[in-house]
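J.: got a sequence here, can you model it:
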Amino acid sequence: MKIYLATNNPHKKEEISKIFSSHTILMPRDAGIDFDFEETGTTYLENALGKAITLFRSLGEPVVADDSGLSVPALGGAPGIYSSRYGSEKPGEKLEQSERNKYLLAKMQGIQDRRAFFVCCMVLVLEDYRIFTAQETVHGTIIHEPKGSGGFGYDPLFYIEDFGKTVAELSEGEKNRISHRGRAGAVINAILNNLNKE
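T.: Numbering: from 1, shown residues only. This next block holds a predicted model:
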């Protein structure tokens, strides 16, 4: 199946394409659409659903969208749904990811409880009233300095005890199997594969 991904992020497209390996994943620009969605929701579900429905209404084709973020309980759940805008002083501005990572580490200076978890809410829109959602998490801890060159976002800071590595040190296969996006994607992918059998 041809599915459009409601993002302009090439890293996310690459990751999603591997999770949905039996389907063709396209970006809005592949259809000549300049897609820009302002995330004003207060939950991952609101943001993911908003992105998916907005793009679906422009295309009339199957769409997948996700909203994801990092939550640190010791910081009151921050950065949460604001993960991609964390540390930005002005609306519409975004720090480079390395700067966001430094900002997070500065916020956590002196904090002993370094538990954290990633959240991903994924939405599949097939028709106006045919919508599927999945939300998953993965738990770990925030280390004191970045490690690893893979992945993107906060991956170099997020350490998973069972693997003894940060997410940025995992292989692509390991990450797609255990990550928040990989887990949510597996649920949506199972729904898609089941639909194809009908």
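J.: what's the local residue count around Lys12?
T.: Lys12: 19 surrounding residues under other CB atoms under 10 Å. All C-beta spots, glycine's among them, are computed from the backbone N, C-alpha and C.
J.: now name the helix or strand holding it.
T.: helix 10-19 (DSSP states H and E).
J.: with just CA atoms, put that helix into CSV.
T.: Extracted in CSV, the C-alpha atoms of helix 10-19 (Å, rounded to 0.1, in the frame of the first residue of the first chain):
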residue,chain,number,x,y,z
PRO,A,10,13.7,12.7,6.5
HIS,A,11,15.0,10.8,9.6
LYS,A,12,11.5,9.9,10.6
LYS,A,13,10.6,8.8,7.1
GLU,A,14,13.7,6.5,7.0
GLU,A,15,12.7,5.0,10.3
ILE,A,16,9.0,4.5,9.5
SER,A,17,9.9,3.0,6.1
LYS,A,18,11.8,0.2,7.8
ILE,A,19,9.0,-0.4,10.2
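J.: let's test this: mean pLDDT of that helix, rounded?
T.: In this model, helix 10-19 has a mean pLDDT of 89.
J.: list the buried residues for it?
T.: Buried positions in helix 10-19, judged by neighbour count with 16 or more other CB atoms under 10 Å: 12-13, 15-16, 19.
J.: ok now that helix, how far from the chain's centre?
T.: Distance, stretch centre to chain centre, for helix 10-19: 10 Å (CA atoms, centre = their mean, to the nearest Å).
J.: what residues are bridge-paired with the residue positioned nearest the centre of the chain?
T.: Central residue of the chain (CA atoms, centre = their mean): Ser68, 3.8 Å from the mean position. With DSSP bridges applied, Ser68 shows beta-bridge pairing to Cys120.
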